[in-house]
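> whatever this is, show me its structure:
(one chain, ligands or ions: 1)
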Amino acid sequence: MIPTALPEVLILEPKVFGDARGFFFESFNARDFAQCTGLDVSFVQDNHSKSGKGVLRGLHYQIEHPQGKLVRVTQGAVFDVAVDLRRSSPNFGKWEGVLLSENNKRQLWIPPGFAHGFLVTSDSAEFLYKTTDYWHPEHERSLLWNDPAVGIEWPIQGEPLLAAKDSAAATLELTEVFA
Ligand SMILES: Cc1cn([C@H]2C[C@H](O)[C@@H](COP(=O)(O)OP(=O)(O)O[C@H]3O[C@H](C)C(=O)[C@H](O)[C@H]3O)O2)c(=O)[nH]c1=O
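Now for the predicted structure:
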C-alpha cells in the first residue's frame, strides 16, 4: 500500500508473479485488502468500461448511497483522479491524481465521499472496478472536470471527449457535497 496526498485515498500494488508463460497476480483478496488498508468494507458490484484516447469519464459520485471504489486498468493507461467532497474534511475540494496502467498494475482505493473520474492517456483503456454500494442513478452527481476551484492538472492538450452530463456538470461551489 502506497499513501497519497489525500490520507484516505490509497494506491495498492499487487504482488505479480512472472514466468516464461506470462504473469499471475491476485487482483483482489479480501483478507489482504483488509490487512493492508485497515478498512472493513465489502464490495457488491464489479464494473468494466472501455474508452478511447482522450475520453474523460467523471467526475462522478452518488450523493446518497455513496460508493467506495477500488479501480484498476487491465489494458492501456489512465490518469485517475479523486476529489474530496466532504465539507468537514481539511482536504475539502482537494484532488489526487494517479497513473493506473496495465503495466504498473496499480489499483486506487477511492472512499465514499469523494468524486471520481479518469482520463484515458493510451489509445484505449479497459477500466475495471469494485464498488461498496449499488448504482443509484437518481443519486448520481457530476463535478465539472476543469473547475478552476479544484484545479486538476489533467495530462491533456485541448478538450477531452465527455458525456453530455459531464460537459454540463456543476462546479464545486454549486454541486451537492457531503457533510
Ligand atoms: C455507473 C453505471 C452505469 N450503468 C449504465 C448507465 C448507462 O446506460 C451506461 C453508462 O453509464 P455512464 O455514462 O454513467 O458511465 P460512466 O461515465 O463510465 O460512469 C462512471 O464513471 C466514473 C468513472 C465512476 O466512477 C462511476 O462509477 C460511474 O459514474 O451504463 C449501469 O448500468 N450501472 C452502473 O453502475
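
> show me where the protein has helices.
Using DSSP state H, the helices of the chain run over 30-37, 164-167.

> residue nearest the centroid of the protein?
His116 (4.5 Å; Cα atoms, centre = their mean).

> ok, what's across the strand from that one?
His60, Ala82 (DSSP bridges).

> from Asn29, how far off is it?
Applying Cβ to Cβ, to the nearest Å, the value for His116 to Asn29 is 22 Å. To be clear about C-beta, it is placed using only N, CA and C from the backbone, and glycine gets the same treatment.

> and for Pro66?
24 Å.

> can you list the helices of the chain in a markdown table and add distance to the ligand and mean neighbour count?
What follows is the helices of the chain, written out as a markdown table (distance: least, Cβ to the nearest ligand atom, whole Å; neighbours: other Cβ atoms under 10 Å):
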| stretch | distance to the ligand | mean neighbour count |
| --- | --- | --- |
| helix 30-37 | 19 | 13 |
| helix 164-167 | 7 | 13 |
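
> gap between the residue sitting furthest away from the middle of the chain and the ligand?
In the chain, the residue that sits farthest from the middle, by Cα atoms, centre = their mean, is Ala20; the gap is 32.6 Å. Distance, Ala20 to the ligand, by Cβ to the nearest ligand atom, to the nearest Å: 36 Å.

> so who does that residue touch?
Listed by Cβ atoms under 8 Å, 6 or more residues apart in numbering, Ala20 has no contact partners.

> of Pro66 and Asn29, who's got more company?
More crowded of Pro66 and Asn29, by other Cβ atoms under 10 Å: Pro66, with 20 against 12.

> need the residues of the protein near the ligand, please.
47, 49, 57-58, 60, 69, 116-118, 135, 163 (Cβ under 6 Å from any ligand atom).

> switch to 8 Å and redo it
45, 47, 49, 51, 57-61, 67, 69, 71, 110, 116-118, 127, 129, 131, 134-135, 137, 140, 142, 163, 165-166 (Cβ under 8 Å from any ligand atom).

> just the buried ones from those residues, in ChimeraX syntax?
Under the burial definition 16 or more other Cβ atoms under 10 Å, those of the residues of the chain next to the ligand that qualify are selected in ChimeraX by:
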select :51,57,58,59,60,61,67,69,71,110,116,117,118,127,129,131,142,166
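
> which of the residues of the chain next to the ligand fall within strands?
Members of the residues of the chain next to the ligand lying in strands (criterion: DSSP state E): 45, 47, 49, 51, 57-61, 69, 71, 110, 116-118, 127, 129, 131, 140, 142.

> how about the helices of the chain in TSV, adding mean pLDDT?
Listed next are the helices of the chain as TSV, based on pLDDT from 0 to 100:
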stretch	mean pLDDT
helix 30-37	97
helix 164-167	97
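
> any chance of those helices in JSON lines, with distance to Glu96 too?
Shown next, in JSON lines, are the helices of the chain (distance: least, Cβ to Cβ, whole Å):
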{"stretch": "helix 30-37", "distance to Glu96": "16"}
{"stretch": "helix 164-167", "distance to Glu96": "19"}
